[in-house]
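**Q** Give me coordinates for this.
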Amino acid sequence: MAKMNAILIGLLVVMFAAAGVYAYIGYSGNEAMSTHYMTEQKWSDSSCSGCHAGVYEEVSGSYHVEQDLKKWSSIMDYGVDADSIDQDTMAVTYGQVHPGGGYMADYGVDIDCMICHEQVGGYDFEARAESIASGDFSNANDAAIEESRAELQKEPLYVASYLLDVLAPLPLVTEVHDEVNGAPNKALCGSNCHTGDLATTAVAWTLEDSASYDVHDDVDCQECHETEEHQIGGREYLFASESVHMDVEASVKDCDSSGCHEGISHGGMVDAHLDFLSCESCHIPTLPGTDTTGTPVIKEFSWANGVREDVIYETEFSPSLSWSEGVYYDLLPTVQEREEDSVLKPFNIITGVWWDAGLDAEVVADPNSSSVIGDPIAPAEVLSADADGDGSVTADEMRSYDGNGDGTPDYPDAVLRYVEMYYQVSHNIVSADTGLADPLECADCHGASASETLQDIHFGNETQDCSVCHTTVPVINWQSLGYESDPAETVPPTDFSAKTIDVTIPGAKPTEVEKEPAF
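**A** As a prediction, this is how the structure comes out:
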């Protein structure tokens, strides 16, 4: 027995020595060994597929790689619909937030696992984005880790991770490996790729004090955005192409899902509202303005003169409630009428202004309300149409513009569109203790009918400008939702400010009541 123990100890010593050499030469430049380091920024079937079989194919077919963009999503940023952007321009713009593979593979940018999975702060997303923006595609993934690669490969966690690849069973490897390259977390998603949401929906996830604005700040994205085979759950797009609706079950959890807020009640009357009212409608009462986010939060954008001009929310503001049954894919996100499955959700309504060629009959008939994307005119063309160079493009200038010099106007039917675009808000969830404001109460929506005077002001024959009385526009406009008056209006009027909303949490500890001793 003693001899057997000695043999086993000897084998362990040899294995540890070999593993140490293996780990060392991996970060010392040995090409064969260094493939085990994710800092090499290359997928290796021989090294990676042993534990991650089929993952490369999963990621290659995921929405994050395929990126079938909503056709209207580029109008605010580039003045044209996504289909009008040529592939090279797409690569240097949207490619900056692309994980690699897909259409970026044609430019030499392979899938970069580190962009989502790096855990120790050595990934330089901005360096990668700058490399792509400059057209240096082949070095983009390396640029993200170039400065920190050598240092990271000598980090104890890295060395331990790859040493254990030789010695240990998978569960032990995972304990160390996940500290180096683990599941995506909120900081990676928000700080790397999804910073653009600040401009449209005033998310606070990039702020140092983000916990002050969102009660879910400590929840990682994938805890709500369920993920299956690298498909990350998101909103369902209406009228989308088949490539967007892939055959997966991943979705966004409902608030009352198991493990979240299952069984919570606000009382019979309020709970009945949930058939047509989303939780976030009341729990996102206010959004931070530019003074808080540090990034312009857009209220209006205009391409009317060939360069984008913005009006921003300087300070905090209220989102607007509107009906929704989903996000349109190939139609503008204009106001929706109530349908059978519609619910009220909060939106940042951004007014967009751009020139359209006037080729679509629906656009010509109703340019400001039609949800048809139409034929946006490229900003460069609009800029060139400014014949007198005064910085303001008129209808006559746009319709008489002859860019190719063939003697025929290029856009004789051009029309300037003013479209209210509804950007759905889903973050910055408040509670009684967290957020810019308390959750909405009954009077916030139904206070419009709290007296005969208010009923007459809000629902009389004359259309009122809300800003005359309100410094902050109310979250709800009953008439824009299709009601002639507040559906809760009573005779005589009810003062809803006296109504309170309570919460009952199943299994909650009863409130302790202090009593005087009996003796």
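
**Q** All the strands of the stretch 401-519 of the chain, in order from the start?
**A** 415-424 (DSSP state E, counting those that start in this stretch).

**Q** give me the low-pLDDT residue ranges for it?
**A** 450, 463, 472, 508-513, 515, 517-519 (pLDDT under 70).

**Q** Quick check: the gap between residue 440 and residue 282.
**A** Plainly put, residue 440 is 4 Å away from residue 282 if you go by C-beta to C-beta, to the nearest Å. Any C-beta I mention is one placed from the backbone N, CA and C, and that applies to glycine too.

**Q** Between these two, which is the more surrounded one?
**A** residue 282 (24 against 21; other C-beta atoms under 10 Å).

**Q** Low-confidence regions, the stretch 151-300 of the chain specifically.
**A** Ranges of the stretch 151-300 of the chain meeting pLDDT under 70: 152-155, 157-180, 236-250.

**Q** can you give me the helices in it?
**A** 156-167, 170-180, 186-188, 197-201, 221-224, 268-273, 279-283, 290-293 (DSSP state H, counting those that start in this stretch).

**Q** Ok, the stretch 351-500 of the chain next?
**A** 361-365, 379-384, 395-400, 442-446, 452-459.

**Q** so which of the ones you listed comes closest to residue 110?
**A** helix 379-384 (32.4 Å; C-beta to C-beta).

**Q** What average pLDDT does the closest one get?
**A** Throughout helix 379-384, pLDDT has a mean value of 98.

**Q** what angle separates the longest strand belonging to the chain from strand 415-424?
**A** In the chain, with assignment by DSSP state E, the single longest strand is strand 343-356. Using axes from the mean of the first three to the mean of the last three C-alpha atoms, to 10 degrees, the inter-axis angle of strand 343-356 relative to strand 415-424 is 150 degrees.

**Q** buried sites along strand 343-356?
**A** 343-350, 352-356 (16 or more other C-beta atoms under 10 Å).

**Q** Check these and tell me the two furthest apart.
**A** Across the buried residues of strand 343-356 (C-beta to C-beta), the longest gap, 34.7 Å, separates 343 and 355.

**Q** ok, residues contacting stretch 207-223?
**A** 183-186, 189-190, 204-205, 224, 232, 253, 288, 292-294, 427-431, 433-436 (C-beta atoms under 8 Å, 6 or more residues apart in numbering).

**Q** buried subset of these?
**A** Counted by 16+ other C-beta under 10 Å, the contacts of stretch 207-223 give 184, 186, 189-190, 204-205, 224, 232, 288, 292-293, 427-430, 435-436 as buried.

**Q** which helices and strands does the longest strand of the chain pack with?
**A** helix 75-78, helix 197-201, helix 279-283, strand 298-302, strand 320-324, strand 415-424 (3 or more C-beta pairs under 8 Å, 6 or more residues apart in numbering; DSSP states H and E).

**Q** Now tabulate these in TSV and tack on distance to residue 220.
**A** As requested, the helices and strands packed on strand 343-356 are exported to TSV (distance: least, C-beta to C-beta, whole Å):
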stretch	distance to residue 220
helix 75-78	28
helix 197-201	16
helix 279-283	19
strand 298-302	27
strand 320-324	26
strand 415-424	21
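
**Q** And these: which comes nearest residue 504?
**A** Closest among these, using C-beta to C-beta: helix 279-283, at 15.1 Å.

**Q** gap between that closest one and the chain center?
**A** Distance of helix 279-283 from the chain centroid (C-alpha atoms, centre = their mean, to the nearest Å) equals 18 Å.

**Q** cool, and stretch 425-435?
**A** With C-alpha atoms, centre = their mean, you get 16 Å for stretch 425-435.

**Q** tell me how far the ends of stretch 54-64 are from each other?
**A** End-to-end distance of stretch 54-64 (C-alpha to C-alpha, to the nearest Å): 17 Å.

**Q** I misspoke; the intended subject was stretch 252-267.
**A** Using C-alpha to C-alpha, the two ends of stretch 252-267 sit 25 Å apart.
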